[in-house]
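Q: One predicted model, sequence on top.
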Amino acid sequence: MKIHFLGTAAAEGFPNAFCRCEFCIKARELGGRNIRTRSSAIIDDTIKFDYSPDSYMQALRDGLDFGAIEHLLVTHTHSDHLNAYDLECRRAGIAHGLEHPLHIYGNDCVMHQVRTAIGRFEGERFAFHRLHPFRTFTMGEARVTPLLADHDRMETCLLYVVEKGGKKLLYGHDSGWYPEPTWEWLREQELDGAILDCTHGYTGNSRDCNHMGVETVLETQREFRLHRIIKPEGTIVVTHFSHNSRLLYDDFDAIFRPVGIITAYDGLIINL
């Protein structure tokens, strides 16, 4: 299973284009892995998580053919994760040579937004699938289970476990500490990889937030090991970083590398 990280920033990007804080200024000066666009990732070039406002630029930057994407798994409708109107660029007469519809999966709010934006093209270039937490479904060659996140009390935000090619991956953001039903489900699993939210830096509190930070990630890793949720050789990657973390790439890497966690950056490709 190939995982390609297109973007690794929180909603405002890193640096924030409007911000003059010390860390945004430093990120601009250093460049490289400190320049982060809004979060998204692709599995095996055909399964995409979320469609951020930066998706078009990411495709150009990394030389990707979005026409190959067959499935779009949307976690929630916050603007950094779903830019539904941009998907109209895939409709007939605008995009040519496409032989399959793009299947879009998500909660009720996702279905409302995408149907409002591109619903008139359903059946021609798009197919919509409303999901329910903990109901596993088949998606091409993959099996997918949506899980509950703790992120927005006004929306049923989802995480995803994708099983494909004998590998099992948790796409585990956006969320703070997972709700107990999600932990109960995960304790019956044996993951090959997990992608975790690390929006914040050190907060002094690992539980009371709708995003994870350094402490929450480390506590999640301990929970994974305690209950054997992830294989001993399994891979944990952190992503979705905010400039308000007050940490740059090398800072995150110095924190997480010693405990075997990978700090994602835009363009990173890993294989499980």
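A: Yep, it's here.
Q: isn't residue 165 right next to residue 1, touching?
A: Yes: using CB atoms under 8 Å, residue 165 is in contact with residue 1, at 5.6 Å. The C-beta positions use only the backbone N, C-alpha and C, and glycine is treated the same way.
Q: Quickly note the distance from the residue nearest to residue 170 when sequence neighbours are not counted to residue 254.
A: Distances taken as CB to CB, 6 or more residues apart in numbering place residue 194 nearest to residue 170, at 4.2 Å, with adjacent residues excluded. Shown here: residue 194 relative to residue 254, a distance of 21 Å by CB to CB, to the nearest Å.
Q: And the two? Which one has more around it.
A: residue 194 (26 against 11; other CB atoms under 10 Å).
Q: which SS state does that one fall under?
A: strand (DSSP: H, G, I helix; E, B strand; the rest coil).
Q: ok, now which ones touch the residue lying closest to residue 209 once chain neighbours are set aside?
A: Among residues not flanking residue 209 along the chain, residue 176 sits closest, at 4.7 Å (CB to CB, 6+ apart). Counting by CB atoms under 8 Å, 6 or more residues apart in numbering, residue 176 touches 150-151, 197, 207-212, 216.
Q: Now flag whichever of these is closest to residue 54.
A: residue 197 (17.6 Å; CB to CB).
Q: Name the nearest residue to that closest one, ignoring sequence neighbours.
A: Using CB to CB, 6+ apart, the closest residue to residue 197 is residue 173 (3.3 Å).
Q: can you check residue 140 too?
A: residue 70 (6.0 Å).
Q: next one: residue 200
A: Nearest to residue 200 is residue 213, by CB to CB, 6+ apart, at 3.1 Å.
Q: Any figure for the gap between the one you found and residue 171?
A: Between residue 213 and residue 171 the distance, using CB to CB, works out to 19 Å.
Q: for residue 267, same thing?
A: Residue 267 is 18 Å from residue 171, by CB to CB.
Q: quick one: contacts for residue 165?
A: Contacts of residue 165 (CB under 8 Å, 6+ apart): 1, 44, 141.
Q: Return the residue of this structure that is most distant from the centre.
A: In terms of distance from the mean C-alpha position of the chain, residue 93 ranks first, at 30.2 Å (CA atoms, centre = their mean).
Q: got a pLDDT number for that one?
A: On pLDDT, residue 93 comes in at 93.
Q: Next: residue 35.
A: For residue 35, pLDDT reads 98.
Q: Phi first, then psi, for it.
A: Main-chain torsions, residue 35, degrees, to the nearest 10: phi -90, psi 110.
Q: and if you look at residue 42?
A: phi -130, psi 140.
Q: so what's it bridging to?
A: Beta-bridge partners for residue 42, by DSSP bridges, are residue 4, residue 48.
Q: I figured it was touching residue 70, is that so?
A: No: between residue 42 and residue 70 there is no contact under CB under 8 Å: 10.9 Å.
Q: Pick out whichever of these two has more residues nearby.
A: residue 42 (22 against 18).
Q: quick one, what contacts that one?
A: Contacts of residue 42 (CB under 8 Å, 6+ apart): 3-4, 6, 48-49, 64, 69.
Q: Sort the contacts of residue 165 by pLDDT and name the bottom one.
A: residue 141 (95).
Q: What separation do you get for residue 271 and residue 239?
A: Per CB to CB, residue 271 is found 17 Å from residue 239.
Q: Tell me which of those two has more neighbours.
A: residue 239 (27 against 10).
Q: Can you spell out which residues form a bridge with the more buried one?
A: residue 197.
Q: secondary structure class for residue 265?
A: coil.
Q: Pull the contacting residues for it.
A: 5, 8, 33, 36, 249.
Q: again, but for residue 261
A: Counted by CB under 8 Å, 6+ apart, residue 261 has contacts 217, 221, 236-238.
Q: what pairs with it across the strands?
A: Applying DSSP bridges, one finds that residue 261 bridges with residue 236.
Q: Please report the distance of it from residue 35.
A: 21 Å.
Q: returning to that earlier point: may I ask which of the contacts of residue 261 has the most neighbours?
A: residue 238 (28 neighbours).
Q: which residues touch that residue?
A: 195-198, 217, 252, 256, 261-264.
Q: same thing but at 10 Å, please
A: 8, 172-173, 194-199, 212-214, 217, 220-221, 252-253, 255-256, 261-264 (CB atoms under 10 Å, 6 or more residues apart in numbering).
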